[in-house]
Structures are given as C-alpha cells and as structure tokens.
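S.K.: Predicted model follows, preceded by the sequence.
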Amino acid sequence: MFDLLIFLAVFLPLAGFVVGNLFPERYKNKHAPLICTTFVGVSFISTLLLTINLKFGHVHHTHLWTWFKIKNLKVDWGMLIDSLTLTMVLLVTFISTLVHMYSLGYMHNDYHKGKFFTLLSLFTFAMLLLVTAPNLLQLFVGWEGVGLASYLLIGFWYTKKRPPTAAMKAFIVNRVGDVGLVAAIGLIFYVFNTIELTSIFTKIAVSSYSKQTLHLFGDMPAFDLIGLCLLLGAMGKSAQFGLHTWLPDAMEGPTPVSALIHAATMVTAGIFLICRFSHLFELAPIAQTIMLIIGSITTLFAGYVALTQNDIKKIIAYSTCSQLGYMVMACAVSAYSVAIFHLVTHAFFKALLFLGAGSVIHAMSGEQDIRRMGGLYKNIPFTYIMMLIGSLAITGIPIFSGFFSKDAIIESLYNSHMPFSGAAFVIAIIVVIFTAIYSWRLIFITFHQEPHCDEQVSAHIHESPASMKVPLFILSIGAIFSGYIGKKCYLNERLGFKWGKTLMHAPLDHSNIPVFIQYLPLLFSILGIIIAYTLYITRRNIADYIMKKCYFLYKLSHNKFYIDELYDFIFVRRVKFLGLLLSKGDINMIDRFGPDGIASGVFKTSGFVKKAATGQVNHMILAFVVALVLIFAYMLCVPYLPLQLNFIGG
Amino acid sequence: MKTVTLNHCLVLNGILFTLGLLGALLNKRHLLMVLIAVEVMLLAVNLNMVSFSYFLKDYAGQVFTVFILTVAAAEAAIGLAILMLYFKNHGTIEVSSATTLKG
C-alpha cells in the first residue's frame, strides 16, 4: 500500500511523459495535455494519501531494483521517504498540478502544446526522483534530469532568437554547479566509503570521520571540503550570486515554466540539498560561514537589481533570487527548518506571482514591459487581487504567509552567534525594504498608473479563462494560509508533524529577542510600501530626480552590475575563441582525414574502379582468370610465406 | 622410336587450353566464337584428366570425363539458346554490343 502510493506519486509524471509522447504528432496536441495533467493530479492525490498514512519522523525506505554493483559499491533505485522528502514531494506535485492546469489555458493556442505538457511532466518527474533519492547517484540523475528538462522548456519557443540562447546559458551555468556536486559525491565516497544517504547520516556523527582532513589545497577538514563542494552544487541550481545569471534569462521560456522553475522544481533543489546534509554542515564551520556570505550577497544584490528592472518577469525572477538568498542565509545559521518553511511559503506566493504575471501578459497580448502597462486593475480585477495577495505575502504583511517565514529567518539571524551574522542580519533587514519597494513598484506601475499601452492592445485587454483563474485562486489560498499552518508544522512540530532525524531542527527561541527587533521587519516592509507609493503614485517626479542624481547607482542596478558583460568578457569570449580555434583543427585535421577523408577516398576509388567495369564479356573473363591465377599463386605460396596469413585454409 | 609420354600430353593440353583462353579473351567479333573457345578450354581440361587417368592407371578420371561431357553438352545447349534469344532481342551477336553489365 505504502510502497504503491509512493511509486505512483513518483512515476506517474514519467508515465504522463511517456504516454503523451506515444501519440503521433497530429493527435498529441489534443490528448497529451489532458493525460499529463491527469497523471500529475493523481500523483498529487497519492502523495496526499501518503501524507495521511505516514507517521512523521520515521524513515521509510522503498527498494525498487538494483542499478549496478561494483565490488563494495552497490547502487539501487529506490525511494527514501522522510519528513523532508515528503514536504518536497507534496510541494512539487501540488505546484506542478496547478501549473499543468494553468497551462491548459495559457498554452491553448500553442502549436506544440502536447510537447510542452510532456516536458512539464518530465520536469516534475526529474524533481521527484531527486528529492526521493536514497543514494547520491540517483539524486544526481534527478539533478541532471531537472537540468535537461529546464533546458528543453526554457528553449521551448526555439524559433525565436533569444530562448535557445537562454536555454543554453541555463544549461552551461548549471554544469558549473554540477562540478561541485560531482566532486562532493566523489569526496563523500572517499571519506565514508558509501553513497547511501542513510549510512552517510549515521557515519557523520562518528568522530573518526568528522576529524578527517583531506590534502587537496593544503589541509582542509574533510567535512568542510565536502560542504563547500555541495554548496557549489546548490549555488548552481539555486541561483546564488556568481551562478545566478541563468535565472533571469530563463524568463524567455513560457510563463508556466518560469513558475515551475521558481516555485517547485528547480531552484528549490539547491536548498533541498543543503538541508539534506544539514548534519554535515553543522560540523563544517568554514562552509557555513562561506554559505552565509554568499547568501547575504545574493539577497542584497538581487534585491537591489530588482528595483530597476522593467520586464515584469525579470522583476519577479530577481525577487526569487533574493528570497533564495534568504533561505541560504537561514541554512547557514543552522535554521534549516526555517529555510524549508520559507521555501514552502515562497513556493506558494512565487507561483502565484508568476502565474498572475502570466495572466497579465496574456491580457496584454504578450507585452512584458511594465512601462507599457498601467491602470489594469479596472480591466482585470481578478488578476489584480491575486497579484495583490502575492505581493502582500512576499512583502511580509501579517496574516499572509511571507510574514511568518521571513520573520523566522530574520530572528534566527539575530539569534545566531556565527561570524558575520550581525552583518547578515542588517542586510536581511535592508532587503526587506527592497522587497517591499520592488514588489509594490510592480503593482503600482502595472495596475495603478494611467495606461501607457497603445489602443490596439488596450482594446484587447481581457480577463483570463477559468482554467487559469482556478489555479491562481488555489495558490492565493496557499499564499495566505501556508504561513500560519507551516509555522505550526515546521517550526513548532505540531499538527502531527515531526522532523525526526532527517533535519537538524532547533525550535526558535523568542525569549532573548527584543520586541523592537520582532517588529522591525514589519515596520520596514510598511516603510517600503509607503516609499513605493510615494515614488510611483503620488510624487512621481522624485523617482526621476533620484534616478538622475544617482545615475551611476541606477545604471549599476539596471544593468545587473554588468555581470553578464563581465562573464562575457572573461569566459564566454575566451571559450568561444578557443572553441573556434579548436574547431578549425577539427575541421582541417580530424574531419579532413577522418570521416570526410574516408568518404571522398571511397568516392574517388570507386570512380576509378568503375572505369574498369566495361561490361564487355572478354574483360570479365580476363578479370576472372587473373583472380583465379592470383588465388592459385597464393595457395601455392602459403607454405613459403614468412607470415602465416592463411585466409583460405589450404 | 619415341613413345608418347605424360609430358607430351600435358603440353598439348596446355596449348589447347591457352588457345581457348586467348580465343575467349581476344575475340571481338562473335559471341558464338566465345562460346566455342570456352568449349575448347573445357575439352582441354577433360583431355588433361584422361591423360592423367591413362598414365596413372586410374580409370575413375575417364569415367568422370564422360560425365563432364554430358553436362557440358547440356551447358552448350543452354549457351546456344541464350545466344539465340540474344540475337532475337538485339539483332546482333557482336561481343562489344553486350555492355548491359557496365557499372
């Protein structure tokens, strides 16, 4: 029963992908969308049944079949179900089901609708494989599967100019992170002599392992080195500063894909990985410090950049980046359960914001620039309310989910005694204002300012169909209530939820936090909203004035700190140059004498041989006789040949 | 008085075979001549067999020759029939005209 449920939950999306692709091309658009949506929906339902039946805090291990066995390394396919995994599976299947439903409306007129849905299912399956993995290799398969599916989906509109480039960028930047993960797997196998997660977790506590040092770049404690490699992997997938460049570009994909990437299936993988190895990170102080620094930089940087972006999806993308920074900061100060809590609430309101943005884009006939929107609240009131709820949640207004999780993160930062945690706390508070400003800037410019669009578009503004409204509505409920329920479950372990040994969990200590600090985030969010209101509604000339006065800062933010240009200069051009150089060698040497050379050689020889075949009877007889003579000569010579090359057996 | 030895026979057979081969190779005129030349080659080989059989006192070779001649007669009949049809279709039996097998 239990095994069957978890099997269904993980493999039904794969079944959707396979069955959808079995349809011939002309039936695919008609049947694949519904089949994939149903399968993912059933997968969610079976996860729900699983949640009801499972005792939290226990670890359930399902073995499917053996993958391979080399000496003492045995790798199985299977599923490991514990509180952390189940949280993720529930989240992934839920968001994915809603995104599937939403796509039924959003991709209605797309020419490759069927393909799109099968790929969405593949994406979901890869993520489920990742989170349920009982060993690191299966986790890696899921990890790469997510990368592949995201590549295919970001580049879905491959006939346009920019999506294929963005897809390529996402794929390549993620490979950099993958190097970290592969190195981590190697090191873990070297240190622990196993890649099974459960045996790794039992071995982490043993001091003979934790005191090991590795001689890689000087002496490093083994756990720190593993932690840093894992962190690099997480940075790639969770778009931390340095490897974040793919995330905003990934907006070239269809909007449901963005929602899926940002809420459930891709960027959460990094946070999940860190939380999976929470016990290891606890014993790796250097890795934790670096994690804190990276998280702080990411959240500050992305929050600042989001202030001046004009593409509606890019604003939300950078906001995701910033929120991921928050989660990494929480992980760094050992508040893993808080990070997971924020991950869950963030998934709800970010999916809501993205799908809402998709609805706006749908209404505006594909326009994404917020400067060409305005005054939309009268035309699309439903979408407006949904976006409002999402923004309230992300800003951290009480009742809404973001309030609970963000507060918990800031309080755990305040409580921490790690190096730099004070600076991280200040950054977190500053970013609260940034978050409020960019979220409400989006709302005010898009929905409240006077319309800036041309008449052709404004005549066509329409509310989205029901298939898009329903997921939005469900997500909005999640965005409102997930904070309250999540706080009870994830932070206080009530409502039957227990972390058990899967996660390093410490209940939040409110006693030594001054009341002033407790209300500081709320104060700052409200301040941020007021600033946004002044700048973009009442005193709009101030925004222009600030822009002109601090032109340098504006330029820096608007151009994303020129990081893309920097990477282009440092890496991309060098690699392209090298690639072109090597391709010359490839074309002129290997191809010329290899495949091409052999092919043209065969053509030349056959052209020459063709002339000998005149079709004249006596020429054929001559060839026959000559061949016979040669064969007899050979047979006679065989005993006297220095080498015994006996083909004929004489 | 000189007696006929195996060597004499073999030289004769060799000459016959070479004549047949050259006839088949060099003849440009008639396909019929090619057929006859091939037949000459076959007979040379048969004669070779008979000579060996005579000088080695093994009569199996002669018996074999009788069989081969029977088969050769059938073969010649087929060859001639093909030639007849070829002439019907092409109106000529010139060797250089048969170039359908050209690559």
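M.R.: Looks like it arrived, so ask away.
S.K.: The closest residue to A:T298 other than its chain neighbours: neighbouring residues, count only.
M.R.: With Cβ to Cβ, 6 or more residues apart in numbering or on different chains as the criterion, A:T298 has its nearest non-adjacent residue at 3.5 Å, and that residue is A:G325. Bear in mind the C-beta positions are built from the backbone N, C-alpha and C, glycine included. The tally of other residues near A:G325 (other Cβ atoms under 10 Å in any protein chain shown) stands at 29.
S.K.: nearest residue to A:M327 other than its sequence neighbours?
M.R.: A:A339 (4.5 Å).
S.K.: What's the local residue count around that neighbour?
M.R.: Neighbours of A:A339 (other Cβ under 10 Å): 31.
S.K.: Which strands or helices does the helix or strand containing it pack on?
M.R.: Assigned by DSSP states H and E, A:A339 belongs to helix A:336-363. Here helix A:336-363 touches helix A:83-106, helix A:255-260, helix A:268-276, helix A:312-332, helix A:381-395, helix A:401-415, helix A:466-486, going by 3 or more Cβ pairs under 8 Å, 6 or more residues apart in numbering or on different chains; DSSP states H and E.
S.K.: and of these, who's closest to A:L64?
M.R.: helix A:83-106 (15.2 Å; Cβ to Cβ).
S.K.: quick one: the closest one to helix A:466-486, angle?
M.R.: Orientation check (axes from the mean of the first three to the mean of the last three Cα atoms, to 10 degrees): helix A:83-106 against helix A:466-486 gives 160 degrees.
S.K.: Which secondary structure elements does helix A:83-106 sit against?
M.R.: helix A:2-22, helix A:25-53, helix A:113-131, helix A:255-260, helix A:268-276, helix A:336-363, helix A:466-486.
S.K.: Mind listing what's buried along the fourth one?
M.R.: If I follow you right, that is helix A:255-260. A:T255, A:P256, A:V257, A:S258, A:A259, A:L260 (16 or more other Cβ atoms under 10 Å in any protein chain shown).
S.K.: average pLDDT for that helix?
M.R.: Helix A:255-260 comes out with an average pLDDT of 88.
S.K.: closest to A:C637 out of the helices and strands packed on helix A:83-106?
M.R.: A:C637 lies closest, by Cβ to Cβ, to one member of those: helix A:2-22, at 61.1 Å.
S.K.: how close does the residue nearest to A:T265 when sequence neighbours are not counted sit to chain B?
M.R.: Excluding the flanking residues, the one nearest A:T265 by Cβ to Cβ, 6+ apart is A:M127, at 4.0 Å. Taking Cβ to the nearest Cβ, to the nearest Å as the measure, A:M127 falls 60 Å from chain B.
S.K.: check contacts around A:M127.
M.R.: With contact taken as Cβ atoms under 8 Å, 6 or more residues apart in numbering or on different chains, A:M127 is in contact with A:V92, A:G142, A:V146, A:A264, A:T265, A:M266, A:A269.
S.K.: what's near enough to touch the first one?
M.R.: This means A:V92. Neighbours of A:V92 in contact, by Cβ under 8 Å, 6+ apart: A:T124, A:M127, A:L128, A:V131, A:A264, A:T265, A:T268.
S.K.: Which of those sits closest to chain B?
M.R.: A:T124 (58.5 Å; Cβ to the nearest Cβ).
S.K.: So which residues on chain A come close to chain B?
M.R.: Within chain A, the positions adjacent to chain B are A:V609, A:K610, A:A613, A:T614, A:G615, A:Q616, A:V617, A:N618, A:M620, A:I621, A:L622, A:V625 by Cβ under 8 Å from any Cβ of the partner chain.
S.K.: what do you get if the cut-off is 6 Å, keeping everything else the same?
M.R.: A:K610, A:A613, A:T614, A:G615, A:V617, A:N618, A:I621, A:L622 (Cβ under 6 Å from any Cβ of the partner chain).
S.K.: what number of residues lie near the closest residue in space to A:S482 that isn't next to it in sequence?
M.R.: Excluding the flanking residues, the one nearest A:S482 by Cβ to Cβ, 6+ apart is A:S401, at 4.5 Å. Close neighbours of A:S401, defined as other Cβ under 10 Å, add up to 30.
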